[in-house]
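Engineer: Can you look at this prediction? I've put the sequence above it.
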Amino acid sequence: MNKPNEKSAYAEARFGLAAEPLKTLTEAQFAALGAGDIVFWKQMDAGELAAFIPQAAMAPAQQRLELLMSADGAPVLIADSPEAVIDWIDTHEVRLATLH
């Protein structure tokens, strides 16, 4: 997690210097928000996933895999079952983001 970026992004807003702090974030600061604290869960075929995570090529191309990614886009976990993902989330201090 990159807490210094989060702190610098909100320091000015706290003192009334920036009305809308999220609009003033750099790309790196935005990517760091929630990194290490928030994860996204996506199912993908191993063949698809191998395009950006080479280790996924060890599984058959059509096998469905569960992917957890940090808020900054870094892969956190590749699993072969939803239960494995749930177990991992339960043992780590992270929050699962949901899309609406």
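Structural biologist: The structure has been received and is ready for your questions. Numbers count the residues shown, from 1 in each chain.
Engineer: In the protein, what residue spans correspond to helices?
Structural biologist: 3-14, 27-32, 46-49, 82-90 (DSSP state H).
Engineer: where does this protein have its least confident helix or strand?
Structural biologist: The helix or strand of the chain with the poorest confidence is helix 3-14; it has a mean of 48 (mean pLDDT, DSSP states H and E).
Engineer: Where do the domain boundaries of this protein fall?
Structural biologist: According to automatic domain parsing, the chain comprises the domains 1-33, 34-100.
Engineer: Throw the ones you listed into CSV and include mean neighbour count, thanks.
Structural biologist: In short, each C-beta sits where N, CA and C put it, glycine included. Formatted as CSV, those follow (neighbours: other Cβ atoms under 10 Å):
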stretch, mean neighbour count
domain 1-33, 13
domain 34-100, 15
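Engineer: Least reliable of the ones you listed by average pLDDT, please.
Structural biologist: The stretch with the lowest average pLDDT out of the domains of the chain is domain 1-33, scoring a mean of 57.
Engineer: Beta-bridge partners for the residue nearest the centre of the chain, please?
Structural biologist: Note on the chain: the residue nearest the mean C-alpha position is residue 70, at 1.8 Å, using Cα atoms, centre = their mean. Beta-bridge partners for residue 70, by DSSP bridges, are residue 39.
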